[in-house]
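J.: I'll drop the sequence and a predicted model, then ask my questions.
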Amino acid sequence: MLWLAREENQPKTVDKSSKWPNERKLLQAAQNGSQEAFGILVRNHQKRLFRFVYSILRNFDSAEDIVQESFVKAWQAIKRFRPGHDFYPWLATIARNLAYNWIRREERKESLDKLRESGFDPESTDLGPFEKLLSDESSKRLYKAVMALPFEYRTVFVLRQFEEMSYDQIANYLKIPPGTVDSRLHRARKLLMESLKDLLD
Amino acid sequence: MEHSYYKDKLSAYFDNSLEVQEMELLRRHLESCAECRELLEKLSSLSQKIEELSRLNENEYFDSLAAKIDGKIADSDSKIVELPHKQSRRFGFDWKIGAVAASFMLIATVTYYQWQDHESILEEIIEQSAKPAQSVEVLLDSVVGPETQPETAIAAEEKAADKAATNDIKEIEKDKPATVHESKVKASPKKIVDARELEGILKFETSSQSIIKSAPVLKQEQAKENESLGDIAQGYVADKIVIESEAADKSQLTTAPVMEVSAQATEEELISPSIQYWRDKRDSILIVEAEVYKAVSGERFKSALVADSVKSGFSSSDSALALAWYNIGLLTIDSTEKKEAIEFLEAHSKKSRVGSALIKEYLEKLKN
């Protein structure tokens, strides 16, 4: 049973690096200037990165731009990547910063209300071109529900769910107290559970 | 405790993110509460379902995206080849000159403190100048260095700030500014500091090695009391250029700055047109300014500094500081920090004359 399995306080981590056994070699080659090796890294990680960036921004074109820019910046800084570490968290950090810069620019364009709208209505959320990346109706419903979350909840949820950041990391990154991370996440999950009820049964 | 309390904590329990004690309390509650057990199962299936359903397919789209990225990378590579390394280094070098000059100011001060035990420099000067051979002028020069020296520091810093203002992200990324260690700065200004400690006070994040290398040089030079500090500074800078160009190629291969993935600040600083950069810049300006002002008790210096800021209505470090605050205000996602930035700029828009137009412009942009 799940709640008994949690008894030993095992951290919930998924070793993504094992999915790409050659990642270390690829990184080494990329650090030595191999565009080809870096290209494989791009292909291995672009989907996950795109999912993350889009979930934060809710804007397809900007997500695409930021994914591209993140890889370019990662390439330019690849010599500064510390060997032995996982590539994705580093890449995601670049993307996160770029995504937040984008949000800041949007805020200045006074579309802040759009970003922060507080109503939760999974039915009316339009995924736009993002829909074409999803294979079935269930996936669409899931994304509509996630995108319908208020910005503050969605960010925390995405950082936890997709990026597997710890509460402390999220708190530190968003400059909010860990307790707030907890409560936002709790509410986000509650909303999602309600709107995805039938999928979960 | 109540059921509703535990219910609210389940999400954090699921993430293993509660304190050990609370984890244990919840675990016990779960043993006796079927509703919470059910909710926990739901949380788990939600998480699994999301992981499963959120995967993106559409390989065609991603094939073309990857191809676009390949193209951009090839492009960015050819640009890197076109841009000689020296050019991108220049900005960092200015910073180094600035910091080196600033450290010389401090060394000058330190020499002075080592040399005198009394409360005020003026008393000492009057005493010493009673000796017929030395004039006050000569004495002051030997104590705090020629007057041009602090200006060099400020000018270099200003130059760096101006460059920073161009917002060339690439350059900022490649060459990080000197950061001053706060802990050291809290030490009393009267304390006798030696060259080794100064290393700690003015330490380059990315080129600490070169500073450490140069430390013995500084010490030797410091011993030559009669030599002008300005000349030493020049000699040092010339030395540095040689070291730089010799080491440039090697350091590319062997001592490329390493990034710590776990350190949030370093990551931010490295990658984005970084807010951390501006925070560091602001802090280092404040610290160096405070140190220099405290340390330089010579009235002639102080009046020169004051005259400079009166003349322009705005001292160079003020404008650099305003620029740093402005950028912090722009970049921050924290509303309190933004407020701080606005407050700083508002306070200073009243204080300075010539700079106030610029500050008002900053303020306007920030408030929009």
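T.: On my side now, so go ahead.

J.: does A:T125 really touch A:L142, like I thought?
T.: No. A:T125 is not in contact with A:L142 according to C-beta atoms under 8 Å; the separation is 11.2 Å. Every C-beta, even on glycine, is put in place using the N, C-alpha and C of the backbone.

J.: near B:D75, how many other residues are there?
T.: 11 (other C-beta atoms under 10 Å in any protein chain shown).

J.: with B:N59 instead?
T.: B:N59: 12 neighbours (other C-beta under 10 Å).

J.: what's the answer for A:R154, then?
T.: Around A:R154 there are 20 residues (other C-beta under 10 Å).

J.: give me the distance between the two termini of stretch A:51-67.
T.: 10 Å (C-alpha to C-alpha, to the nearest Å).

J.: which parts of that stretch are buried?
T.: Neighbour counts over stretch A:51-67 (16 or more other C-beta atoms under 10 Å in any protein chain shown) mark A:51-60, A:62-64, A:66-67 as buried.

J.: between A:T125 and A:L142, which one's more packed in?
T.: Neighbour comparison, A:T125 and A:L142: the larger count goes to A:L142, with 23 against 18 (by other C-beta under 10 Å).

J.: which SS class is that one?
T.: Put simply, A:L142 is helix when judged by DSSP: H, G, I helix; E, B strand; the rest coil.

J.: for the residue nearest to it when sequence neighbours are not counted, report the pLDDT, please.
T.: Using C-beta to C-beta, 6 or more residues apart in numbering or on different chains and skipping the chain neighbours, the partner closest in space to A:L142 is B:L53 (4.3 Å). As summarised for this prediction, B:L53 has a pLDDT of 86.

J.: state the distance from B:L53 to A:L196.
T.: 9 Å (C-beta to C-beta, to the nearest Å).

J.: find the residues that touch each one of the two.
T.: A:L142 (C-beta atoms under 8 Å, 6 or more residues apart in numbering or on different chains).

J.: higher neighbour count, these two?
T.: Using other C-beta under 10 Å as the criterion, B:L53 and A:L196 rank with A:L196 on top: 22 against 19.

J.: so who does the more buried one touch?
T.: A:141-142, A:145, B:46, B:49.

J.: which secondary structure element contains the residue positioned nearest the centre of chain A?
T.: Nearest to the mean C-alpha position of chain A, by C-alpha atoms, centre = their mean, lies A:F52 at 2.5 Å. Using DSSP states H and E, A:F52 sits in helix A:35-57.

J.: and after that helix, which helix or strand comes next?
T.: Along the chain past helix A:35-57, the next helix or strand (assigned with DSSP H and E) turns out to be helix A:60-76.

J.: any residue of that following helix up close to chain B?
T.: Yes. Remark: helix A:60-76 sits within contact range of chain B at A:64, A:67-68, A:71-73, A:75-76, by C-beta under 8 Å from any C-beta of the partner chain.

J.: could you dump these into CSV with pLDDT added?
T.: Putting the residues of helix A:60-76 next to chain B into CSV (pLDDT from 0 to 100) gives the following:
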residue, pLDDT
A:E64, 92
A:V67, 95
A:Q68, 93
A:F71, 94
A:V72, 92
A:K73, 91
A:W75, 91
A:Q76, 89
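
J.: where does the chain have low pLDDT?
T.: Looking at chain A here, since you left the chain open. Along chain A, segments meeting pLDDT under 70 span A:1-21, A:107-124.

J.: you looked at the wrong chain, it should be chain B
T.: Scanning chain B for pLDDT under 70 picks out the ranges B:1, B:78-273, B:287-318, B:350-356.

J.: break it down into its structural domains.
T.: B:3-53, B:85-367 (automatic domain parsing).

J.: residues near B:Y326, how many?
T.: When neighbours are counted by other C-beta under 10 Å, B:Y326 comes out with 23.

J.: ok, and the closest non-adjacent residue to it?
T.: Closest to B:Y326 by C-beta to C-beta, 6+ apart is B:Y362, at 4.1 Å.

J.: tell me the SS of that neighbour?
T.: Secondary structure, three-state DSSP: B:Y362 is helix.

J.: what do you get for B:I333?
T.: Assignment for B:I333 (three-state DSSP): coil.

J.: was I right to think B:G329 contacts B:T336?
T.: No. Judged on C-beta under 8 Å, B:G329 makes no contact with B:T336 at a distance of 11.3 Å.

J.: what's the following helix or strand after the strand or helix carrying B:E41?
T.: Assigned by DSSP H and E, B:E41 falls within helix B:34-53. Using DSSP H and E, the helix or strand that follows helix B:34-53 towards the C-terminus is helix B:59-82.

J.: which stretch of helix or strand covers the closest residue to chain B within chain A?
T.: Using C-beta to the nearest C-beta, the single residue of chain A nearest to chain B is A:N97, 3.6 Å away. Taking DSSP H and E as the criterion, A:N97 maps to helix A:87-108.

J.: quick one: list the elements packing against that helix.
T.: helix A:35-57, helix A:60-76, helix A:112-116, helix B:264-271, helix B:316-331 (3 or more C-beta pairs under 8 Å, 6 or more residues apart in numbering or on different chains; DSSP states H and E).

J.: any idea how far the longest one is from the chain center?
T.: Distance of helix A:35-57 from its chain centroid, counting by C-alpha atoms, centre = their mean, to the nearest Å, is 11 Å.

J.: now for it, which elements pack on it?
T.: Using 3+ C-beta pairs under 8 Å, 6+ apart: helix A:35-57 touches helix A:23-31, helix A:60-76, helix A:87-108, helix A:137-147, helix A:151-161, helix B:59-82.

J.: angle of that helix against helix A:87-108?
T.: Angle, helix A:35-57 to helix A:87-108, by axes from the mean of the first three to the mean of the last three C-alpha atoms, to 10 degrees: 40 degrees.

J.: what angle do helix A:35-57 and helix B:59-82 make?
T.: If you take the same axes, to 10 degrees, helix A:35-57 sits at 120 degrees to helix B:59-82.

J.: go on, the last one?
T.: Angular relation of helix B:316-331 and helix B:59-82 on a 0 to 180 degree scale: 170 degrees, by the same axes, to 10 degrees.

J.: switch the residues of helix A:60-76 next to chain B over to JSON lines; also include distance to A:W90.
T.: Listed next are the residues of helix A:60-76 next to chain B as JSON lines, based on distance: C-beta to C-beta, whole Å:
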{"residue": "A:E64", "distance to A:W90": "20"}
{"residue": "A:V67", "distance to A:W90": "15"}
{"residue": "A:Q68", "distance to A:W90": "17"}
{"residue": "A:F71", "distance to A:W90": "12"}
{"residue": "A:V72", "distance to A:W90": "14"}
{"residue": "A:K73", "distance to A:W90": "11"}
{"residue": "A:W75", "distance to A:W90": "12"}
{"residue": "A:Q76", "distance to A:W90": "13"}
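
J.: let me know the closest of those residues to A:F157.
T.: Nearest to A:F157 out of those is A:V67 (C-beta to C-beta; 20.0 Å).

J.: how close does the closest one get to B:K72?
T.: 11 Å.

J.: got the angle for the strand or helix carrying A:D168 vs helix A:87-108?
T.: Here A:D168 sits within helix A:167-174, counting by DSSP H and E. Using the same axes, to 10 degrees, the direction of helix A:167-174 lies 40 degrees away from that of helix A:87-108.
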